[in-house]
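Novice: coordinates for the following, if possible.
(chains A, B and C)
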Amino acid sequence: MGIKGGKPKSMTDAPLHYCPGCTHGIVHRLVAEVIDELGVEGRTVGVASVGCSVFTYNYFACDMVQAPHGRAPAVATGIKRARPENVVFTYQGDGDLAAIGTGETVHAATRGENIVVIFINNAIYGMTGGQMAPTTLPGQVTQTTPYGRDVKTAGNPIRVCELLSSLDGVALAQRVTVDNVKHVREAKKAIKKAFQYQIEGRGYSIVEVVSTCPTNWGLSPSDSLQWLRDNMLPHYPLGVYKDVGEEAKE
Amino acid sequence: MSGLNVLFAGFGGQGILFTGKVMAYAALMEGKELSWLPSYGPEMRGGTANCSVCISDEKIGSPLVVNPDVLVAMTLPSLEKFENAVVPGGKIIIDSSIIDKKVERTDIDVIYLDASNIAEENGLKGAANMVILGRLFKECGFCSEENLDKGLQKSIPPKKANLLDSNRKAIRLGMES
Amino acid sequence: MSEKVLMKGNEAIAEAAIAAGCRHFFGYPITPQTEVAAYMSKRMPKVNGVYLQAESEVASINMVLGAAAAGVRVMTSTSSPGVSLMAEGISYIAGSDVPALIINVQRGGPGLGGIQPSQADYYQATKSTAHGDFHMIVFAPSTVQETVDLVAKAFDLGDKYRMPVMILSDGMLGQMMEPVELPEPKEVDNDSKEWAACGHKNQRKHNVVNSLYIDPATLEGLVKKRFERYAKVQAEEQMAEEYLVDDADIVLVAYGASARVSRSAVDMARKNGIKAGLIRPITLWPFPVDAIAKAAEHVPKFLTVEMSMGQMVDDVRLAVKCARPVEFYGRTGGMIPTPIEVYNKIVEMNGGEQ
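Specialist: Below you'll find the model as predicted:
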């Protein structure tokens, strides 16, 4: 997967609990590498959300706060307002960010809250065992859409980057994935830009990482990546949805 | 107990709460115990405005004046609502420019004060509340004249200091009524 | 001490918090507490503080959690329905062992209820704020001055015991003005909390502010440890005011606004030859069991007066171990009992007409 070298300083020695083929581990590492490279591990505070990534507070070596389900942007707001010198990021899944925490997400974004949001979109609730997520694809089978997501009754999935890109407070809204080396590099670049924007005081940045959930998708790790390419990416196209840095150049 | 419980009752915009505040501040200057309690909420939006002021030498218990020693009534509905609540031997001060009703109770002292007209005739439109406060002071003497003036000064924010003299004048008119 | 000024209870809360070194306020408008937020929005920028109007009470309490986790003095203010929305966050604050001040200017309920003064959130404040085994310290001031004094104490005790503290006010205390002396402004060292998540500066191990413990034995151990702290709070922090209790034949127990009404009723009773007294709990949690139990040694009857259908009365009965009759008089829905109503109840308990 193109991950080489030793463990980043910004990760602890705790063994990750994630399932084989889950992309959380890669994204954790990218975030930690970015923190290392920017040299901000001593002033970074991360906010763990509720979902599979709830234990991130064990994995990142910076100070961490564990937030109630969906409330990570509000908790991050409190930290950032109390300690503007800190670099603050949240790490949230799709259920956390786009279902129960939609209000907190939209308002942190529109306030231009100067934080970084790492958003893991794997179209399913992982921790509770594979229920429909706000980003579950039309027709996708989950534990709570056993006949496939029928948008007439279960509603349509939310495209978060598209939604947030219309808000003035957003500095960066970019969708990436980590299914191959090229995409991993792009993902890291986006995460780094998000952290840089915070350090420059530009406002709210979100990096959406289209991710896998082999266990709850019922697929092997490699089949999961292919399913992601075949099904997720057409519905959630990669790309930059908003970038105040690029706008300034135009 | 040497206390005085006053209920100011009227319409939003008549300066009901402000009148109570001046009285409360005057009592503070006098070194008395006191409380000031307004009505609040949607009923304040263009509706009735009430304000309870308690002054005492002792600690104030309930700040809500249910049975006032003095009722200040600045609208007919507020007079009708509270006239029977006034303690026997108590007083009602009525702005008779606005209210033409006569109170039937004989066990209380009713003062019909042409407050709005007095204010307007003296170029103090909208200061009927201060005319009434002057009269209330004359009737009940809840503090020294000096402290009443200090109370007024405390109640007017520095930005609106230009209003001090007109209010003083209105209070004086009430005292002399 | 500064000279006495007239202030509304709500504004006094805000100014007292600033004097106590609080520089972070997150809130959401709701009657009858809105003056707290409005006052903060005016004052905080002038003292280099943070005022932020959140999108909901859910968000504001979680902003409080974040700021508290980062180690600063922080507060929010709301009214009854808002506390229901904050319940989750308060549980996390307690479970994460961080201090925060929550103001509840109570109004009538349930549901949207009303906006007039109420004391119907006693159970919520003292027993069932949210999920899990935890407590808040709950103060119930009855004057504007006491509100001011308790704000400073609330912050200090919150820091000392690392727990959420609530000031349970009501619409009457929030809206009324009384003379107050504000304390001298105090500087607070926001960098003194060694557990805070505010960046380790590469000088210590990373701090984690967290309430999740998957292993039941670990969680049980932590909760038990927390309850040892609570036991200390119960032993050391009970507060109550006694008024004419020593020779009393009937003692009223009432807090906050209803204690003021009760005091007037006690005075009326005394004037009419009934030996009435008043115990006014100032802390509702820890409940002043000691003061009430001591009184129960010689007081034959108790009367609890509340602006609710009767909530604190349960704690009074427990405090006297049901060895004395404890009766209840209350009004609810935003109705404030009058002294005469309470007096009539005293007369009735005293065996009828005076």
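Novice: tell me where chain B is predicted with low confidence.
Specialist: By pLDDT under 70, the weakly predicted segments of chain B are B:1-2, B:41-46.
Novice: quick check, the residue in it closest to chain C?
Specialist: Closest approach between chain B and chain C, counting by C-beta to the nearest C-beta: residue B:61, at 3.0 Å. C-beta here means a position set from N, CA and C on the backbone, and glycine is covered the same way.
Novice: now that residue: closest residue in space that isn't a chain neighbour?
Specialist: Distances taken as C-beta to C-beta, 6 or more residues apart in numbering or on different chains place residue C:264 nearest to residue B:61, at 3.0 Å, with adjacent residues excluded.
Novice: so the residue of chain B closest to chain C sits right up against residue C:260, yeah?
Specialist: Yes. Counting by C-beta atoms under 8 Å, residue B:61 touches residue C:260, with 5.0 Å between them.
Novice: which one of the two is surrounded by more residues?
Specialist: Remark: of residue B:61 and residue C:260, residue C:260 carries more neighbours, 26 against 22, as counted by other C-beta atoms under 10 Å in any protein chain shown.
Novice: what's the helix or strand hosting that one packed up against?
Specialist: Per DSSP states H and E, residue C:260 falls inside helix C:256-271. Judged by 3 or more C-beta pairs under 8 Å, 6 or more residues apart in numbering or on different chains; DSSP states H and E, helix C:256-271 is in contact with strand C:164-170, helix C:171-175, strand C:250-253, strand C:276-281, strand C:301-306, helix C:339-349.
Novice: in it, what's buried?
Specialist: Neighbour-count burial for helix C:256-271, counted by 16 or more other C-beta atoms under 10 Å in any protein chain shown, picks out C:256-269.
Novice: what's the model's confidence in that helix, averaged?
Specialist: For helix C:256-271, the mean pLDDT works out to 97.
Novice: spatially central residue in chain A, please.
Specialist: Chain A has residue A:119 as the residue nearest its centroid, 1.6 Å off, counting by C-alpha atoms, centre = their mean.
Novice: measure the residue of chain B closest to chain C to residue C:311 for me?
Specialist: Per C-beta to C-beta, to the nearest Å, residue B:61 is found 22 Å from residue C:311.
Novice: and residue B:72, helix, strand or coil?
Specialist: strand (DSSP: H, G, I helix; E, B strand; the rest coil).
Novice: just checking, it touches residue B:7?
Specialist: Yes. In terms of C-beta under 8 Å, residue B:72 counts as a neighbour of residue B:7; the distance is 7.0 Å.
Novice: of those two, which one has the most company?
Specialist: Remark: of residue B:72 and residue B:7, residue B:72 carries more neighbours, 33 against 28, as counted by other C-beta under 10 Å.
Novice: who's the more buried one bridged to?
Specialist: residue B:8, residue B:93 (DSSP bridges).
Novice: to which secondary structure element is the residue of chain B closest to chain C assigned?
Specialist: Taking DSSP H and E as the definition, residue B:61 sits outside all helices and strands.
Novice: what is the mean pLDDT for stretch C:280-290?
Specialist: Stretch C:280-290 comes out with an average pLDDT of 98.
Novice: contacts for it, please.
Specialist: Identification of contacts with stretch C:280-290 by C-beta atoms under 8 Å, 6 or more residues apart in numbering or on different chains yields C:122, C:125-126, C:135-142, C:146, C:150, C:168, C:233-234, C:237-243, C:253-255, C:259, C:262-263, C:279, C:291, C:312, C:315, C:318-319.
Novice: got the buried residues for that stretch?
Specialist: Buried, per 16+ other C-beta under 10 Å, within stretch C:280-290: C:280, C:281, C:282, C:283, C:284, C:285, C:286, C:287, C:288, C:289.
Novice: got phi/psi on residue B:19?
Specialist: Dihedral pair for residue B:19: phi -60, psi -40, per degrees, to the nearest 10.
Novice: please name the nearest non-neighbouring residue to it.
Specialist: Using C-beta to C-beta, 6+ apart, the nearest residue to residue B:19 is residue B:129, at 4.4 Å.
Novice: same check on residue C:311?
Specialist: Nearest-residue entry for residue C:311: residue C:122, 3.9 Å, with adjacent residues in sequence omitted and distances by C-beta to C-beta, 6+ apart.
Novice: and the one you found, how far from chain A?
Specialist: Here the criterion is C-beta to the nearest C-beta, to the nearest Å. By it, residue C:122 lies 25 Å from chain A.
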